[in-house]
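Colleague: pasting the sequence and the predicted coordinates here, then a few questions.
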Amino acid sequence: MPPFRRASSKNEDEAYIEGVPQAKRQKGNSGRTVVPCPNMRVTRTSMSLDGLLHFFRTEIESRTPDDPKNGPEEASYFERFMGSVLPECLEIRCQVQDSDSRTDNFGTLLRPLSRYEVSAAIKYASALGGAALPSPAQATVLRKLQLRRERRRTDIQGLDFVDHNSLTSVPPQLPPQQPPSGIFDSLKSIRTTPYEMSFLSRLCGHRPSTDSGLVAVDWETKSPWIELMTDVRNHYSYAHPASSQSPEAPVPIPILYVSLQPSHLQQVHELLARVFWDGIDVSDLLQSSSERCSVIAMYGKIVIGAALLSSPQEAYITYLAVRAGWHNSQVATTMLYHLIMLNPHKDITLHVAANNPAMLLYNRFGFKAEEFITGFYEDYLDSQSRASMNAFRLRLRR
């Protein structure tokens, strides 16, 4: 029988190595020979084999090949001794395993893995790791086994507790079943109720959208008119602190940039009459592509600006106007920007009076003067008007 030696590694899971030469450890020996008794009673509390290992280490390792003690009588003594002790050790081992075993909810008896079984499982999984990629469940189990072994190696206390009541066996996985074809037909036949006619709309309320042709929404712009109205409300509140009829803080209203709608025509005509001249009619834009030819700035229900194009084909800006009190609020800049973006890949042209400050705005967008026309506005403006009768023809090349 080959000799047994204690491994020098700290890993207790691989404590016994058979037939592998190991470097001898220098340990003190008192000179007393430890002779185990054949009638030794092995119990759970005395299950440690440290004494037996010490006996074999001090006796067997010290022998030489020519030692007469290595004869047949010594070998038969070892076999008789192990034959008398091994059955009882195995019985105690079975009793310990039975006491550690638990039954799960499915009636299956579960036993915690021994240290040798943990090491064997890790070695087996590591050997197969290079051949195929493990599944997520296999990788999780392998990681838990490795963590448990490392905890035992480092001798960390309090981490080997296992709640045996939580041990459950994995139920067998059934192959996926295809649902009956009638289920999909039933789901496809379900018709949903439109929101405006549903019960939810009665609870939450429903109001048809009035933002037809919405282009952009601006929550940040504050015009001089808005600031003036805010100062008037604040002054009234300070002057009448005890008044029960003091005006409440107004709800913020954004500036909406939309395309031209029939409801805008009256206010747009009035705005163009104040800024330019009377008799301007832009209702014909509703018959063409008003989504590409118009940008109307709305504050609530008030039209505060209009930017109009003659047609998508010609791309000529006919009118650009802003309501009084809304100047220097970037309203004209925003309308011109969206009007240009709605008509890409086209040169845009316009005429502007020679003394009109809007010339600076057009220059910022890249418009360049192509022609100076004398008396361009003589047929439209009154002779007493302060606006110049001469005009520049500008073009934005795309």
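Modeller: Looks like it came in fine. Just so we're clear, the structure is a prediction, and the values are computed from it rather than from any experiment. Numbers count the residues shown, from 1 in each chain.
Colleague: flag the shaky bits of the chain, pLDDT-wise.
Modeller: Within the chain, the stretches with pLDDT under 70 are 1-75, 129-132, 156-172, 206-212, 243-250.
Colleague: ok, the spatially most central residue of it to residue 118 distance?
Modeller: Nearest to the geometric centre of the chain sits residue 136, at 21.9 Å (C-alpha atoms, centre = their mean). Distance, residue 136 to residue 118, by C-beta to C-beta, to the nearest Å: 20 Å. To be clear about C-beta, it is placed using only N, CA and C from the backbone, and glycine gets the same treatment.
Colleague: could you do residue 256 as well?
Modeller: For residue 256 relative to residue 118 (C-beta to C-beta), the value is 70 Å.
Colleague: again, but for residue 311
Modeller: Distance from residue 311 to residue 118, by C-beta to C-beta: 83 Å.
Colleague: the more surrounded of the two?
Modeller: Set residue 311 next to residue 118 and count neighbours by other C-beta atoms under 10 Å: residue 118 wins out with 18 against 14.
Colleague: does residue 144 lie in a helix or a strand, and which?
Modeller: helix 136-153 (DSSP states H and E).
Colleague: so how far is that helix off the chain centroid?
Modeller: 29 Å (C-alpha atoms, centre = their mean, to the nearest Å).
Colleague: so which bits of it are buried?
Modeller: 142, 145, 148, 149, 152 (16 or more other C-beta atoms under 10 Å).
Colleague: is it possible to export the residues you listed to TSV including distance to residue 95?
Modeller: Output for these, formatted as TSV (distance: C-beta to C-beta, whole Å):
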residue	distance to residue 95
142	30
145	25
148	23
149	25
152	22
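Colleague: quick one, strands of this structure?
Modeller: Remark: strands assigned in the chain by DSSP state E are 4-6, 16-18, 102-103, 109-110, 214-218, 255-258, 294-299, 302-309, 317-322, 348-353, 368-373, 391-396.
Colleague: residues of the longest one that come out buried?
Modeller: Buried residues in strand 302-309, counting neighbours by 16+ other C-beta under 10 Å, are found at 303, 304, 305, 306, 307, 308, 309.
Colleague: next, the angle strand 348-353 makes with that strand.
Modeller: 120 degrees (axes from the mean of the first three to the mean of the last three C-alpha atoms, to 10 degrees).
Colleague: and the contacts of strand 302-309?
Modeller: 223, 255, 260, 264, 267-268, 271-272, 282, 285, 292-298, 315-323, 326, 331-332, 335-336, 338-339, 343, 348 (C-beta atoms under 8 Å, 6 or more residues apart in numbering).
Colleague: which neighbours in the sheet does that strand have, and how are they oriented?
Modeller: strand 294-299 (antiparallel), strand 317-322 (antiparallel) (DSSP bridges).
Colleague: and those: which comes nearest residue 195?
Modeller: Nearest of the strands paired with strand 302-309 to residue 195, taken as C-beta to C-beta: strand 294-299 at 25.3 Å.
Colleague: the inter-axis angle of the closest one versus strand 214-218?
Modeller: Using the same axes, to 10 degrees: strand 294-299 against strand 214-218 is 40 degrees.
Colleague: what's the spacing between strand 294-299 and its chain's center?
Modeller: In terms of C-alpha atoms, centre = their mean, the centre of strand 294-299 is set 38 Å apart from its chain centre.
Colleague: buried sites along that strand?
Modeller: 294, 295, 296, 297, 298, 299.
Colleague: format those as JSON lines; extra columns: distance to residue 123.
Modeller: Output for the buried residues of strand 294-299, formatted as JSON lines (distance: C-beta to C-beta, whole Å):
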{"residue": "294", "distance to residue 123": "78"}
{"residue": "295", "distance to residue 123": "75"}
{"residue": "296", "distance to residue 123": "78"}
{"residue": "297", "distance to residue 123": "77"}
{"residue": "298", "distance to residue 123": "76"}
{"residue": "299", "distance to residue 123": "78"}
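Colleague: alright, calling it a day.
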